[in-house]
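*Asks:* predicted model and sequence follow; I will ask about them next.
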Amino acid sequence: MTAGSGPTEGPAAFEPTRIVVTGGDSGIGRATAVALAAPGRRVTVTWNRDEAGARATAEEVRATGAEAYARHLDLSDPQSGAALVEDAAAEMEGVDTLVMSSGTGSSTLLVDMDYGQWRDVVSIDLDGAFCCLQAAARRMIDAGRGGRIVAITSVHEHAPRVGAGPYCAAKGGLGLLVKVAALELAEHGITVNAVAPGEIATPMTGQGDESVLRDDKDRPGIPVARPGDAREIAATVAFLCGPEAGYVNGASWPVDGGMLTMGPMAGSHLTSHDWRRP
């Protein structure tokens, strides 16, 4: 195959067919499940508190011609992630694609935080992701057909935020876990990557699942001057899970409207000390 000729056969021609998307009840997880759905594919989405949301996502997936399953997952018990992957693999006759979108955060200064809050965030965002990743990787290796694993991290995988200590630590750790897994799993035809969203209009940012592509929300600190749309993240994930991304491995893709590039500019143009408090 020559450069530019496109994937033709072998690992480069991988197509996602048995897909698990954690946190699929709303936001990025929901948009990703729908973006990956297609006739002949099977998609399992998970929910923690919003069962109705997950079932609505499943209906959207079925509307594309794919099969869909909605399953409960509470990663405050991280090992339940492995059990979920095993159950999904049994139901779908395998798992070849995993997108980890479950997560939680905090808004407390480190000196005011109790250990229980720290552990809650890290358990869900890092320990739970590890358990899901490990179980899926084992399934993919046993099947021998390659695979795709994508972790939804955050711009705070790369840059800190006041009041978000455990979230930043977990997402930074998850970013390096992705890189280690990318090294270890590549020989099996499995790629592992991260997508690092900036501010996205989802329930997690207090905005609900709403389109911002034609909205008038002004964000002076973001070069494109608006929040992101969950479907913009999902499009990036879908690319990383598809045949064209067979040579992308161990990467973290910021999808943030240019937010991360604003570091020095923000430093010279902030006009108050409000950033010192969550």
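*Replies:* Cool, got the structure.

*Asks:* after the longest helix anywhere in the chain, next one along is what?
*Replies:* The single longest helix within the chain, with elements called by DSSP state H, is helix 165-185. Using DSSP states H and E, the helix or strand that directly follows helix 165-185 along the chain is strand 190-197.

*Asks:* direction included, what does that next one pair up with?
*Replies:* Its sheet considered, strand 190-197 pairs with strand 147-152 (parallel), strand 252-255 (parallel) by DSSP bridges.

*Asks:* can I get those strands in a markdown table with mean pLDDT?
*Replies:* Converted to a markdown table, the strands paired with strand 190-197 look like this (pLDDT from 0 to 100):
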| stretch | mean pLDDT |
| --- | --- |
| strand 147-152 | 98 |
| strand 252-255 | 97 |
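
*Asks:* tabulate those (a markdown table), appending mean neighbour count and distance to Pro264.
*Replies:* Backbone N, C-alpha and C define where each C-beta goes, glycine included. As requested, the strands paired with strand 190-197 are arranged in a markdown table below (neighbours: other C-beta atoms under 10 Å; distance: least, C-beta to C-beta, whole Å):
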| stretch | mean neighbour count | distance to Pro264 |
| --- | --- | --- |
| strand 147-152 | 28 | 27 |
| strand 252-255 | 19 | 16 |
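
*Asks:* make TSV out of these and add distance to Glu93.
*Replies:* Shown next, in TSV, are those (distance: least, C-beta to C-beta, whole Å):
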stretch	distance to Glu93
strand 147-152	14
strand 252-255	30
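
*Asks:* show me what contacts Gly175?
*Replies:* By C-beta atoms under 8 Å, 6 or more residues apart in numbering, the contact set of Gly175 is 151, 153, 157-158, 194, 196, 252.

*Asks:* just Ala251 next, same as before
*Replies:* 193-194.

*Asks:* now the longest helix of the chain against strand 147-152, angle please.
*Replies:* On the basis of axes from the mean of the first three to the mean of the last three C-alpha atoms, to 10 degrees, helix 165-185 is oriented at 160 degrees to strand 147-152.

*Asks:* pull the distance from helix 165-185 to the chain's centre.
*Replies:* Offset of helix 165-185 from its chain centre (C-alpha atoms, centre = their mean, to the nearest Å): 12 Å.
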